[in-house]
Every structure is written in structure tokens, then in C-alpha cells.
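> I would like the atomic coordinates for the input below:
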Amino acid sequence: MAIEIERKFLLANDGWRAGVERSESMAQGYLVDAQALRAGLAHASVRVRVAGARAWLNIKAATLAIARAEFEYPVPLDEAKTMLATLCDGVLEKTRHYVRVDGVLFEVDEFAGDNAGLVVAEVELPTVDAPFPRPPWLGREVSALVRYYNVNLIAHPYRQWSPAERVAEDAAC
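Reported below is the predicted structural model:
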């Protein structure tokens with residue numbers, strides 16, 4: 001079984017921009033979404049993602065943890081675009097920036113559309129307790145806050161969050 005160990009952070013400032021190695025636009029939608037997960041009708045989210053000329057399906061366990069089962073499968077680009085247009089209840093758009101700090105890759109997602117203004121950094125680790133650099137631009141950890149999970153940003157986008165939701169501890173989304 002494939003396990004993704006990922007930690008997610010808000011950003012304290014724009015200092016990360018100076019270290020961007022490359023960036024790419026992404027669009028993703030969910031075939032099994034947050035509503036199905038909340039209703040107990042599924043044990044995993046299923047998303048289709050397009051980035052440039054690449055497309056893939058991603059299946060991720062619906063558990064609130066840093067380590068979760070995750071599987072990815074490439075799909076033809078034209079089929080992925082059709083799935084986004086016809087099978088998803090919304091499409092999340094973002095630019096992913098790749099920033100390396102002391103040999104560790106951070107993926108900084110800058111969201112667009114209804115999620116504009118939300119910017120988070122993710123780092124994938126080999127173990128749950130693996131050390132990683134803490135650059136000055138890395139802010140508060142939100143790994144355990146479900147509202148920051150991409151699957152939740154379509155049904156409850158950042159633009160709709162109250163000021164309290166943007167700063168308070170997690171409540172059910």
C-alpha cells in the first residue's frame with residue numbers, strides 16, 4: 001500500500017517566492033467528494049488532476065492524519081478534461097510552486113478562483129517524525145485542520161470562510 005506522509009502549513013510571508021525552482025498550473029475535481037465522505041458513503045476521496053500535458057487519478061484515504069494511504073494512476077489528458085467538465089461538481093484551480101530548502105522539497109499551492117488568497121506549503125516526508133527545515137516563511141501548521149484539505153475547498157471555498165475560520169482552531173467543515 002502507498003502511504004503519503006505530508007505536513008501542511010500556512011505561510012508567514014512571501015519569502016518563499018525567491019526560492020521557486022518552477023511553477024505549474026493545476027486543475028482538479030473530485031469524483032468522490034467531501035459530501036460523500038461526510039455522509040459516510042466513501043472511505044477515500046477520488047480526484048482527477050490536470051497539470052500541463054499530464055493527468056492522473058488520485059485516491060486518498062479519508063483519515064485525519066499526517067500519514068494516509070494514497071494511490072495515483074495516469075490517465076489520458078483528454079479523458080481527464082472530460083471528467084473535470086462532466087463528472088465533477090466543481091474544479092479547484094491553483095498554481096503549484098516548487099521550492100527546495102536544504103535539499104527538502106516544499107510544494108507551495110497558491111489557489112485561484114473562489115479560493116484566491118489561500119496559500120499553503122506542503123512537505124512530503126519519509127517518516128512521520130522525520131526532521132525538515134523550518135524556513136522563516138513557514139507559518140502555522142494546519143495538517144490536522146480538515147478545512148485546508150483540497151477535497152473540502154470546493155464545497156467550502158476560502159472566499160466563504162469567516163474571519164474566525166481563517167484563524168480559529170478547526171471545527172467541522
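> count of neighbours near Val151?
Residues near Val151, counting by other C-beta atoms under 10 Å, number 23. In this view, the C-beta of every residue, glycine as well, is placed from N, C-alpha and C.
> Correct me if wrong: it contacts Leu37.
Yes. Between Val151 and Leu37 there is a contact under C-beta atoms under 8 Å: 6.9 Å.
> any common contacting residues for these two?
Common neighbours of Val151 and Leu37, using C-beta atoms under 8 Å, 6 or more residues apart in numbering, are Ser45.
> Need the pLDDT of the nearest residue to Asn115 once chain neighbours are set aside.
Spatial nearest neighbour of Asn115, chain neighbours left out: Tyr158 (4.3 Å); criterion: C-beta to C-beta, 6 or more residues apart in numbering. The model reports Tyr158 with a pLDDT of 96.
> Check Cys173 too.
pLDDT, read off for Cys173, is 37.
> repeat for Pro163
87.
> the longest strand in this structure is where?
Criterion DSSP state E: the longest strand present in the chain is strand 20-32.
> Neighbouring strands - and their directions - for that one?
strand 44-51 (antiparallel), strand 92-101 (antiparallel) (DSSP bridges).
> Dump those strands into CSV; add distance to Arg166, mean neighbour count and mean pLDDT as well.
Converted to CSV, the strands paired with strand 20-32 look like this (distance: least, C-beta to C-beta, whole Å; neighbours: other C-beta atoms under 10 Å; pLDDT from 0 to 100):
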stretch, distance to Arg166, mean neighbour count, mean pLDDT
strand 44-51, 23, 20, 96
strand 92-101, 18, 18, 98
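> pLDDT weak spots in the chain?
Applying pLDDT under 70 to the chain picks out residues 1, 168-173.
> Could you double-check that Ile66 sits in contact with Ser143?
Yes. The criterion here is C-beta under 8 Å, and Ile66 meets it with Ser143 at 5.4 Å.
> For these two, list the residues in contact with both.
Common contact partners of Ile66 and Ser143 (C-beta under 8 Å, 6+ apart): Glu6, Arg7.
> ok, back up a step: just the buried positions in the longest strand of the chain, please.
Met26, Ala27, Gln28, Gly29, Tyr30, Leu31, Val32 (16 or more other C-beta atoms under 10 Å).
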